[in-house]
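Novice: 3D, please:
(one chain, ligands or ions: 3)
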Amino acid sequence: MVLCAGVFAIAWMGRMAPEAVAPVAGMPTLPWTRVALPILLLAGLAAVIMLRLSGPVARLAGFVSGGLDAGHGLLQRRDDIGSLAREFHALLRDLREREENLNRERKIDPVTGVANRTVVPDRVAMAIARSARNRTGFALLVVDICCLAAVNDRHGHQVGDQLLAIVAKRLGEGVRATDSVCRLGSTEFLVILEEGSAENLLRVAGELAGSLADPARIEQASIPIVSAAGVAHHPAHGDTPEALLRRADIARRHARGSSVPLAVYENGQEESHLREIALLNDLATAIVHDQLFMHYQPKMSLSSGSVGQVEALVRWDHPQLGRVPPDEFIPIAERSGQVRHLTRWVIEAVMRQQSDWRDAGLEVPVAINLSTVDLADPDFPRTLGILAKVHSAVPSQLLFEITESSIMSDLAVTSAVIDAVREAGYQIAIDDFGTGYSSLAQLKRLPVRELKIDKSFVSRLQEGTDDAVIVRSTIEMAHNMGLVVVAEGVEDEAVIELLARWNCDMIQGYHLSRPMDSASLATWLKERMPGTQGVA
Ligand code: C2E
Ligand code: CA
Ligand code: CA
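Specialist: Numbers count the residues shown, from 1 in each chain. Ligands and ions are numbered 1, 2, ... in the order given. Next up is the predicted model:
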C-alpha cells in the first residue's frame, strides 16, 4: 500500500509544472525526477520495513513487560524476532529466579511482601525470651482467610493474590513497628504483638480482626473478606513457640466453628481438641467393631400409665477413654461426615432388636434420633427402605425424632425427605421443641405425629414461672394441631402432677426410668406391665 502511494506520488509530481518543484532561485536545477524518485523509493521501502517490524516489535515489548507467559506465539518464530524473543525469555526467566532466590534469602513472601514462615520460630522464640526477661507479655494472633479458595475460583488467582496483599497491608498498618506480620501458610497470617497486658493486646487483636471486616476493592469488584482469628498470650497460654502457635491455632478453629471473627485460647481447649481428634479417628473403628450399643428409655402415657414407646439412645464404650456420651461424639460424627454410617448402624441395631423382642413375644415401638445430615440426604428414604426389607421391620413400629433446627436448616430438602419417610409408614416426632427458632405454625405443614417439649423447660418446672407458661401453652397449641405431646426430662412427681393437670399426653425422664440396655428394658417392661404382649 505504501509502495503504491509512492508510485502514485511520483506520477502525480511528474505531471506538475517543473517550476513548481524547482529549488530556490539561483541554485543549480537538477531534473526533479532524479532527486525525488530515489527518495520516494527509499521512503516506501522504509515504510514497508517499519510495518513488517512494528507489529512483532510491539508484541516483543508486550512480552517483556507482560512477563514469561505473555509471548508464546513469538517463541515459535524461526526469524530474528523469534531468536530475540527466546533471548528475552531466557533473560526474564533468569531474572525471576534471581528475584525468588533473593526473596528466599531475605525471607520475604513474594505475594504479600511480609516475612515468610521461615522466620516464625526464631521471632516467636525471641518474643518469648524478651517477655520472660522483662515480664512484659506478648500475644500471637493467627488469622485465616477462609474465603481465599472461593475468591480464587470465582475471580482467579491474581485477584486472590491481591486480596492477600490487602490483608497483609491492613494487618501491617494496624501494628507497631516492633510487632511483626508473617505469612504462615497459603491462607494464614501470624501477627506477633509485642509487649502488653493480655487485655491491651486482646484489644489490638480485636482491632486487627475488625480491620478485615470491610470488603476489599479489587479491579472494580468489592470482595468480602471472610476471616477467623485466634489469640494465645504469653505467659498464660504456653512458654514454647510450638505450644503458643498451636494454641493460637486452636482458638482460631473455635472462632471459625462458632462463626465469630476472633477467639482467645482458653486453658484446657487443647486437651479437648486432642480428645476430639482421637474420637474422630476412632469413630469409624467403633462403628465397624461394635464398640457402640443401644440403650432404651421408656415414654409413658399419663392417662393410661402404659409405655407407648421407647427411645433408642446410642452409647460408645471407647477402649481407652471409657464411656463417651452421645452429646460429645454425635457432633463430631456430623462434622466429619460419619453420621450417616452411625445412623445406619443405629437403625439396623434397632430393627434387629425389635425382631428379637418380637420373637420373645414383645412388640416394642422404638423412637430413633436422626441428625441434620440424615435429613439433608435425599437418598435416606431409599436406604431406609432397603434396611427395612433386610430386617423385616414394621414401619408403623418405628418413629424418627428430628430436632426443629435440623428441619429448618434447609426446609425444601428436609421436608421432601420427611414426606417420603412418612409416606413409607414411619412416624415423625419433633425433638427438643422450644430450643430452636421455629414456631408451631411453621411446623404445621409437616406430617408430624408427636411433639417433644425440651427437657430444659420441664426438669425444674414450677407453677407460676415463665417455663410453666411456655409448657402449658405449647401443650394447648400442639393439641389444637392434633399432635401428641411428650414432656422429656421429667425428674420428679411434682412435675408429673403439673403435666397431668395440663393434659400432657406422655412423659419421659429419670423419674420413670433412666435409659437401659435391651435386657434390662425387657425385665422392666415385664415387671411394670405383667402379662402384656406389647407396650403400645
Ligand atoms: P435427646 O434426643 O434429647 O435425648 C434425651 C437425652 O436426655 C438423653 O441423653 C437422655 O439420657 C437424657 N435424659 C433422659 N431423661 C432425662 C432426665 O430426666 N433428665 C435429664 N437431665 N436428662 C434426661 P443422652 O442419651 O446422653 O443423649 C444425648 C443426645 O444425644 C440426645 O438427646 C440426642 O440428641 C443424641 N443422641 C443419642 N442417641 C442418638 C442416636 O442414636 N442418633 C443421633 N443422631 N443422636 C443421638
Ligand atoms: Ca431424642
Ligand atoms: Ca430431646
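Novice: Could I get the full set of strands for the stretch 51-200 of the chain?
Specialist: 138-145, 180-183, 188-193 (DSSP state E, counting those that start in this stretch).
Novice: er, the stretch 201-350 of the chain actually
Specialist: 216-218, 221-223, 227-234, 262-264, 292-301, 307-318, 322-324.
Novice: contact partners of the fifth one?
Specialist: Surrounding strand 292-301, the residues in contact under the criterion C-beta atoms under 8 Å, 6 or more residues apart in numbering are 286, 306-317, 342, 345-346, 349-350, 353, 364, 366-367, 486, 505-508, 512-518, 521, 524-525, 535. C-beta coordinates here come from the backbone N, C-alpha and C atoms, glycine included.
Novice: Next, the angle strand 307-318 makes with that strand.
Specialist: 160 degrees (axes from the mean of the first three to the mean of the last three C-alpha atoms, to 10 degrees).
Novice: Go through strand 292-301 and flag the buried ones.
Specialist: 292, 294-301 (16 or more other C-beta atoms under 10 Å).
Novice: Get me the contact residues on the stretch 301-450 of the chain for ligand 3.
Specialist: Applying C-beta under 5 Å from the ion, we find that the stretch 301-450 of the chain lies next to ligand 3 at 431-432.
Novice: what does the stretch 301-450 of the chain have sitting close to ligand 2?
Specialist: Taking C-beta under 5 Å from the ion as the measure of proximity, the stretch 301-450 of the chain contacts ligand 2 at 369, 401, 431.
Novice: Closest one to ligand 1 out of the residues you listed, please.
Specialist: Checking those against ligand 1 with C-beta to the nearest ligand atom, the nearest one is residue 369 at 3.6 Å.
Novice: Look up how far residue 178 lies from the closest one.
Specialist: Distance of residue 369 to residue 178, computed by C-beta to C-beta, to the nearest Å: 54 Å.
Novice: Please identify which of those two sits among more neighbours.
Specialist: residue 369 (20 against 12; other C-beta atoms under 10 Å).
Novice: The more buried one and residue 313 touch, don't they?
Specialist: Yes: using C-beta atoms under 8 Å, residue 369 and residue 313 qualify as a contacting pair, with a distance of 7.4 Å.
Novice: Could you name the stretch from the strands of the stretch 51-200 of the chain that's closest to ligand 2?
Specialist: strand 138-145 (35.0 Å; C-beta to the ion).
Novice: Please name every helix or strand in contact with the closest one.
Specialist: With contacts taken as 3 or more C-beta pairs under 8 Å, 6 or more residues apart in numbering; DSSP states H and E, strand 138-145 sits against helix 120-134, helix 157-173, strand 188-193, helix 198-211, strand 227-234, helix 241-257.
Novice: which of those is buried the deepest?
Specialist: strand 227-234 (a mean of 25; mean count of other C-beta atoms under 10 Å).
Novice: Measure how buried the residue nearest to residue 197 when sequence neighbours are not counted is and give me the count.
Specialist: Of all residues not flanking residue 197 in the chain, residue 137 sits nearest, at 6.2 Å (C-beta to C-beta, 6 or more residues apart in numbering). With neighbours defined by other C-beta under 10 Å, the count for residue 137 comes to 21.
Novice: and residue 137, what does it touch?
Specialist: 131, 195-198, 201, 233-235.
Novice: Okay, it and ligand 3: tell me how far apart.
Specialist: To ligand 3, residue 137 is 45 Å away according to C-beta to the ion, to the nearest Å.
Novice: on that earlier part again, so which of the contacts of strand 292-301 sit within helices?
Specialist: 286, 342, 345-346, 349-350, 353, 518, 521, 524-525 (DSSP state H).
Novice: For ligand 1, tell me which of those residues show up nearby.
Specialist: Among the ones in helices among the contacts of strand 292-301, the residues lying close to ligand 1 (C-beta under 6 Å from any ligand atom) are residue 346.
Novice: closest to ligand 3 among the ones in helices among the contacts of strand 292-301?
Specialist: residue 346 (15.4 Å).
Novice: and the spatially closest residue to the closest one that is not a sequence neighbour, what are its bridge partners?
Specialist: In this structure, residue 346 finds its nearest non-sequential neighbour in residue 314, 5.5 Å apart by C-beta to C-beta, 6+ apart. For residue 314, the beta-bridge partners under DSSP bridges are residue 294.
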